[in-house]
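In: Got a sequence here, can you build the structure:
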Amino acid sequence: MVVQSVRGAPKNQAVQETLEDYTLRFAPRSYRRWKPAVVGSTALGGIAYLADFSIGAGIGLSYGTLNALVAILVAAIIIFVTGLPLAYYGARYNIDLDLITRGSGFGYYGSVLTSVIFGSFTFIFFATEGAIMAQGLKVGLGVPLWLGYLITTLIVVPLVIYGMKALSRLQVWTTPLWLLLMVAPLGYLVVVDPDSVSSWLAFAGEEGAGLNAASVMLGAGVALSLMAQIGEQIDYLRFMPPRTAENKRSWWASVITAGPGWVFFGAIKQATGAFLAFYIMGAAGAAATEPVQQFMGVYELFMPVWLAIPLAVVLVVLSQVKINVTNAYSGSLTWTNSFTRITRRYPGRIVFVLLNLTVALVLMEANMFAFLNSVLSFYANCAIAWVVTVAADILINKYLLKLSPREPEFRRGMLYPVNPVGVVAFLAAAIISIAMYFGALGPDLQPYSPIAAVVIAAVLTPVMAIVTRGRYYLRRTDDGIEEPRFDADGTPVATVYTCHVCEQDFERPDVLASGSTGEVICSLCLTTDRTGEHVLPA
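Out: Modelled structure (predicted):
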């Protein structure tokens, strides 16, 4: 039966604040009114970041163009294959990557491990992008780096506070100008100096060698650190409308392009960064890995310096604002999610926006950009272990072995606190690959730590499901409400129920019965239930 809504103000801060962007919960159909193309373009707005240019430059200058291009391609293929099932799941069932992870092998509390990984990704990359923006402000306006770091941090706060509605407008409005400033000068460079491309392809790098497997793997390890970017893409894709016969083509196009497809745009930017760094290497020296120097070098070919510098600064600032609002937004979601589950208190998402930005500011002031590749190479092993574990659970355990329930579950009381399938596979892949990265298993294996993380996670996830017979996925199969959460096509049901605790309306996938009264309770009120009285018995 459908419980009629009890109108009035929300009883607590958690409900009032999360109704804007549905922090910690399923995104209802009533809120998801954007067309697939709008959601997709908003998600792709987040790939405006310029760290790809720095990453590609670092790989290219270190290992040579051929090794860099192969490394970038290897990383892109792995990221696409593992990102596709995650993007589909987020768009199909309208939940973020943390909620997906809970029911895909980790359990209700087990996924806190991966939330820490993703949260770290957001402030590491916020710091990286913020440092690039500060470099642009210093070159163009003479702003000291320390002040530039502060400006890049504060400028995103008002944009992030308002959630998906504000972010969609920002990304859509700014994309045409960003594309013009980035693509036009690169096209001009290739046309006026075509020989530079052949010279770049022959560049051997600091190592001075040809194609080398170890160099390829070391370069791929840096590029694979971006694997967790799929989490930020899903933070937008969860607002996709239901897939129907009328919109299925645009739905799939948006999910694939803005989901795992982001990596091909990223790969192009990495290769371009390697090219630009080579092109300006003599003039810029050690600064050749800085995007502002790269684009200034190109702009100065066909316009006066007084115009080239401000245009390069505009490109850098625009790019960094577009990506850092996403970093701050996604980071606030994941830290809020973890904190609320562990403490059963909701301090407000804005608290974690400010916390995430503070950590990023400290990293910038500590000059993290100077050792960017080392940080990303280490971090990559953790990100790979997590994403591959979840992807393997969806592809193999859910669809092939059928040991993991196909329809997602994320609600407290319905899941076991910890599922050994994902947790063991993730920890084994992360620990062994990190040991390899630091040379504990010998120097010959050291470059192959990212591939080890992929293989271990992909193999151990189904092995653990078989060993445990899938018994630790669901604590309960009945949530106390007669109506199913998904229709015959697997689409989330839009029937509205009213939570008896906060007296707000929520759609069927986000509610269940209270363990104490049998009345309907929403997932967030259950999460913040400190007494546990509303949790259904095993």
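In: Gly140 reaches Val313, doesn't it?
Out: Yes - counting by Cβ atoms under 8 Å, Gly140 touches Val313, with 3.3 Å between them. Heads up, the C-betas are built off the backbone N, CA and C, glycines and all.
In: Need the overlap of contacts for those two.
Out: Here Gly140 and Val313 have Val292 as joint contacts, going by Cβ atoms under 8 Å, 6 or more residues apart in numbering.
In: Could you check the pLDDT of Ile309?
Out: Note on Ile309: pLDDT of 82.
In: name the element it belongs to?
Out: For Ile309, the host element (DSSP states H and E) is helix 305-343.
In: what's the following helix or strand after that helix?
Out: helix 349-365.
In: mean confidence score for that next one?
Out: Per-residue scores along helix 349-365 average to 81.
In: May I have the helix or strand following that helix exported as CSV, CA atoms only?
Out: Beyond helix 349-365 on the C-terminal side, the first helix or strand identified by DSSP H and E is helix 372-392. What follows is helix 372-392, C-alpha atoms only, in CSV (Å, rounded to 0.1, in the frame of the first residue of the first chain):
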residue,chain,number,x,y,z
LEU,A,372,53.0,14.1,-8.7
ASN,A,373,54.0,11.0,-10.6
SER,A,374,55.4,9.2,-7.5
VAL,A,375,52.1,9.9,-5.6
LEU,A,376,49.9,8.7,-8.4
SER,A,377,52.0,5.6,-9.0
PHE,A,378,51.6,4.5,-5.4
TYR,A,379,47.9,5.5,-5.3
ALA,A,380,47.1,3.6,-8.5
ASN,A,381,47.5,0.2,-6.9
CYS,A,382,44.8,1.0,-4.3
ALA,A,383,42.4,2.5,-6.9
ILE,A,384,42.9,-0.4,-9.3
ALA,A,385,42.3,-3.1,-6.6
TRP,A,386,39.0,-1.4,-5.6
VAL,A,387,37.5,-0.7,-9.1
VAL,A,388,38.5,-4.1,-10.6
THR,A,389,37.1,-5.9,-7.6
VAL,A,390,33.7,-4.2,-7.9
ALA,A,391,33.7,-4.6,-11.7
ALA,A,392,34.6,-8.3,-11.4
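In: From the chain's centroid, how far away is helix 372-392?
Out: Relative to its chain's centre, helix 372-392 lies at 12 Å (Cα atoms, centre = their mean, to the nearest Å).
In: Now do that helix against helix 349-365, angle only.
Out: Angle, helix 372-392 to helix 349-365, by axes from the mean of the first three to the mean of the last three Cα atoms, to 10 degrees: 140 degrees.
In: Who are the packing partners of the helix or strand following helix 372-392?
Out: Helices and strands here follow DSSP H and E; after helix 372-392, the next one along the chain is helix 420-437. Where contact means 3 or more Cβ pairs under 8 Å, 6 or more residues apart in numbering; DSSP states H and E, helix 420-437 is packed against helix 112-141, helix 372-392, helix 449-468.
In: which residue ranges form the helices in the stretch 101-250 of the chain?
Out: With DSSP state H, counting those that start in this stretch as the definition, the stretch 101-250 of the chain shows helices at residue ranges 112-141, 145-154, 157-161, 163-192, 195-201, 213-223, 229-237, 248-258.
In: Give me the buried positions along the first one.
Out: So that's helix 112-141. Within helix 112-141, the residues that count as buried by 16 or more other Cβ atoms under 10 Å are 112-115, 117-140.
In: I'd like the helices of the stretch 101-250 of the chain written out as JSON lines, with mean pLDDT added.
Out: JSON lines is the format used below for those (pLDDT from 0 to 100):
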{"stretch": "helix 112-141", "mean pLDDT": "82"}
{"stretch": "helix 145-154", "mean pLDDT": "86"}
{"stretch": "helix 157-161", "mean pLDDT": "68"}
{"stretch": "helix 163-192", "mean pLDDT": "70"}
{"stretch": "helix 195-201", "mean pLDDT": "86"}
{"stretch": "helix 213-223", "mean pLDDT": "89"}
{"stretch": "helix 229-237", "mean pLDDT": "86"}
{"stretch": "helix 248-258", "mean pLDDT": "91"}
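In: who wins for proximity to Ala267 among those?
Out: Closest approach to Ala267 among those (Cβ to Cβ): helix 213-223, 7.9 Å.
In: by how many degrees do that closest one and helix 372-392 diverge?
Out: Put simply, helix 213-223 runs at 80 degrees to helix 372-392, going by the same axes, to 10 degrees.
In: what's in contact with helix 213-223?
Out: 55, 58-59, 62-64, 67-68, 70-72, 74-76, 78, 207, 209, 267, 270, 373, 376-377, 380-381, 437, 447-451.
In: Now do the buried residues in the helix holding Ile309.
Out: Neighbour-count burial for helix 305-343 [16+ other Cβ under 10 Å]: 308-309, 311-341.
In: What's the local residue count around the closest residue to Phe121 other than its chain neighbours?
Out: Counting by Cβ to Cβ, 6 or more residues apart in numbering, Phe121 lies nearest to Ala228, which is 4.1 Å off, once chain neighbours are set aside. Neighbourhood size, Ala228 [other Cβ atoms under 10 Å]: 27.
In: Phe302 too?
Out: 13.
In: Check Thr272 too.
Out: Thr272: 18 neighbours (other Cβ under 10 Å).
In: Glu503 now?
Out: Glu503, neighbours per other Cβ under 10 Å, totals 15.
In: Can you verify it is assigned to a strand?
Out: No - counting by DSSP: H, G, I helix; E, B strand; the rest coil, Glu503 is located in no strand; its state is coil.
In: got a list of what the closest residue to Ile234 other than its chain neighbours touches?
Out: Nearest residue to Ile234, sequence neighbours excluded (Cβ to Cβ, 6+ apart): Gly90, at 3.7 Å. Counting by Cβ under 8 Å, 6+ apart, Gly90 makes contact with 96-97, 100, 234, 237-238, 259.
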